[in-house]
Structures are given as C-alpha cells and as structure tokens.
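Visitor: need coordinates for the below:
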Amino acid sequence: MTLTAVLSLIALGAFAHGNPSHLSPRQLPPDFDPSTLPTYNGTGPTMLRFGCHQLVIDRIDPLVNPGAIPSPHQHQIVGGDAFDESMPLTDIADDSSCTTCSYSDDFSNYWTSNLYFRARNGTYKRVPQFPARFEPFFGNNTFASSINGGMLVYYVSGGQNQTTAFPPGFRMFFGDATLRSEPQGQWNLSTQTCFRCYNAPNYGGDLFRPCLDPAVDTMHLPNGPCYGIRSNILFPTCWDGVNLDSGDHKSHVAYPVEGPHIFDGIGTAVTCPPSHPVKIPQLMLEINWDTTAFNDPNEWPEDGSQPFVLSTGDATGYSQHADYVFGWKDDSLQYGMEAGCAGADCPGMATQTLSVADQCEVPELVGENYGGWLDTLPGNPPQPTPTGKGKGKGKGKGKGKGKSRKG
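Guide: Here you go, the predicted structure:
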C-alpha cells in the first residue's frame, strides 16, 4: 500500500485511537492487511511526526520580545536547551547540549501560548495537557503518546528534491497575539490554525485531517464543552531564499500562489511566488488540552459564553500563534525530508527515549506562579470581565523558580 493510501486511511479514522496499553480499534476495510503498511517507502513524500516534551513554561519570547524579562504573555516551550531571552541568528544546534524532542538531532525551539480556564469568580487555572494518540502505523511513537505536556511536531516534504530544509539561524512566526476576531487578509487561514473539539472520550470525533472538519474544527475556541481541545498551527511553506528573519518575523516566508497548503502529509506547495521561490518543509504543531475537568456548567459564565482564555488574555482563540527557531544538527533535517519516511523512527535519523528527553530542561527566568488557582493571568493581559460567582480559590502556588541562566 502506498504512503498516500496509508494517510488516506488515517484521515478517515481507520486506525486505532488511544495509548499503547488501551487501543480502541475502528472498523477497517475487509481487505486491510497491516503487514502491507511500511513506515516509509524510501522515495516518496516524508512526514516526520514526533513528540517533544515540555522544556519550560515561562514569560519570555526571544523572537518577538528579545531580551525582555518578562515578555507580555506566557508561553510553553519545547526543544533544545539553548532557549533563552535572546537568540542570535546563529546555529543554535552548536549552543545546545540536549533536546526534549524524540529526534535527538532536533535542537530547534517551538513555543505557543498556554490555555487557561476562567471561573465565574474571575480566577484562573492553567489547563493541563495530554499526549498525542498512539498511531501504531507510524512506527515507534510511544514517546509522543506518553509525554506530559509539550507538543507533537510534524515536518512534511513532497519527496526527494522537493523541499529545502531551513538554514542555521532561520526563524519564523505564525499568527497575531493581538487578534480578537477572525483575521482579514488575502488568504483564508482556517486550514492553518484551528481548535478541534473532541466530542467523546479517547479523541472522539478525530476522524479527518487537521482544520478540515467543520463538525469539530473552528478558528475560535469551541463554544461548548469538549472532551479535550486540540490546537493545530501550520506555518507558511515558501521562503525568499535569502533572509533568516524579517522585521515582523513573517515577511521572509509566504504562502504558495494557489494559497495556504492544507495538511495532507504528502506535499507543501504547488507553486511558490517569485518573491519567495524556495519550497520549505511544511511545519505543523499540535497540542492537546485536557479540558474535561472544566466541563461543569455551573462554573461556566452565566451569559453562556465559553470559559477558556489563552495566556494572551484572548477568550476568542483568534490570537493563537506559534514561534519557531530552527536548530536541527548539520543536514539531519534535509536528510529526513529526502528519506521518504513517515513517523518518529525514520531510518538513519537519531532518536532518544522519553526518559532521556525528560532530563533536558532550562530554569525559568521570570519565576512567577502559574500552578493552582490564580487571581490573574501571568502578566495580567487585558481581557473581558467575567460574570457570576464560582468556586475558584485564587492565590495560585505555581512552580516558578526564577533562576538566571547567565553566569
């Protein structure tokens, strides 16, 4: 069976959900033979799919607010331990000694905002995360299905000689932390940023590719209770071929002439514009938020609105964004993009266990509370006033360490 056929089956939800110790098989075609599903075919498209354990939660942003301690809002960060309040346009793989990602040559950093629950009385609690579902046909992906926090990372290439891996020092940004309404512009970005509302336990409703199922996918935070919310964020797939960064961290990358490429696991762009002629891998981040503990309607706003808010202070979800600083060692990513493989154990690519990745960490620089019930979001970004009374207790105890990484 070809990789395209494998991905089509996955997109239709044909594969099992759950974790290694508890799989929930879905009905498969009568002629389905798992032995015909290799993890790679060696010549066709590549789709790396791997987990990255949480590196740190902190209120710094070396891309948008370099040198600022603290930055305006809080992020969760994964990847290499070179992450700091400022990151020069150099090869961060040379500055890293470990990574929280399962591909041990990936010292890149990836970061997004956090999700909080706001109780009726105005107090907040950070929403915990849960691992990615176990996909037995993507090789050994127990790392991704076992992480506590962090995210799932995807890199897609159309095949050999189809994409150019990012160069050392490259970085880019997707989204707008100030948005509070659907973005207006040249492109419809609903296939590039979304929230999936799981409608039953065990990843219920996760039947189609990210951001392509109107029954469960929205650009805004879901309006009703979910058995978990999944964030998906996709980056542009064309590069100007010259600049490692730009003033807005966006202008050096662009979408294809035909528009943003949906996530299909087998391609990145048909035609890049003349201003950005280089096809780069499609990068997608995926985060699962465990909202099940917050489904009590008595704790939701009295006006019927949904109670979740991003760490930007945004209760709409339109400010969902992500930052990326490339840090793969040597030519390891280019090798992967040419390997024609799928999953987290592509032949020839170095990997590590979760127990090893879990040892990689950096100290928090801001050292503020973010655990338990909080009176305000970290940094106290502006947001609408909540309505009614609730059970939130306030005075979060947090986990802030506040240790310097400098000298």
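
Visitor: for the stretch 251-400 of the chain, which spans come out with low pLDDT?
Guide: Applying pLDDT under 70 to the stretch 251-400 of the chain flags residues 384-400.

Visitor: all helices of it, in order?
Guide: With DSSP state H, counting those that start in this stretch applied, the stretch 251-400 of the chain shows helices at 332-338, 354-357, listed in chain order.

Visitor: just the residues contacting the last one, thanks.
Guide: Residues lying outside helix 354-357 but in contact with it, judged by C-beta atoms under 8 Å, 6 or more residues apart in numbering, are 51-53, 98-102, 104, 142-143, 146-147. Yep, even glycine has a C-beta here, placed from its N, CA and C like the rest.

Visitor: redo those residues as JSON lines? Include distance to Val309 and secondary structure.
Guide: Formatted as JSON lines, the contacts of helix 354-357 follow (distance: C-beta to C-beta, whole Å; DSSP: H, G, I helix; E, B strand; the rest coil):
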{"residue": "Gly51", "distance to Val309": "26", "secondary structure": "strand"}
{"residue": "Cys52", "distance to Val309": "24", "secondary structure": "strand"}
{"residue": "His53", "distance to Val309": "25", "secondary structure": "coil"}
{"residue": "Cys98", "distance to Val309": "33", "secondary structure": "coil"}
{"residue": "Thr99", "distance to Val309": "30", "secondary structure": "strand"}
{"residue": "Thr100", "distance to Val309": "26", "secondary structure": "coil"}
{"residue": "Cys101", "distance to Val309": "28", "secondary structure": "strand"}
{"residue": "Ser102", "distance to Val309": "31", "secondary structure": "coil"}
{"residue": "Ser104", "distance to Val309": "35", "secondary structure": "coil"}
{"residue": "Thr142", "distance to Val309": "33", "secondary structure": "coil"}
{"residue": "Phe143", "distance to Val309": "30", "secondary structure": "coil"}
{"residue": "Ser146", "distance to Val309": "28", "secondary structure": "coil"}
{"residue": "Ile147", "distance to Val309": "24", "secondary structure": "coil"}
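
Visitor: and the residues you listed, which two are the farthest apart?
Guide: Among the contacts of helix 354-357, the pair separated by the greatest distance (C-beta to C-beta) is Cys98 and Thr142, at 19.9 Å.

Visitor: go ahead and flag the most central residue of the protein.
Guide: Residue closest to the average C-alpha location in the chain (C-alpha atoms, centre = their mean): Leu285, at 2.6 Å.

Visitor: who does that residue bridge with?
Guide: In this structure, Leu285 bridges to Val153, Ile233 when assessed by DSSP bridges.
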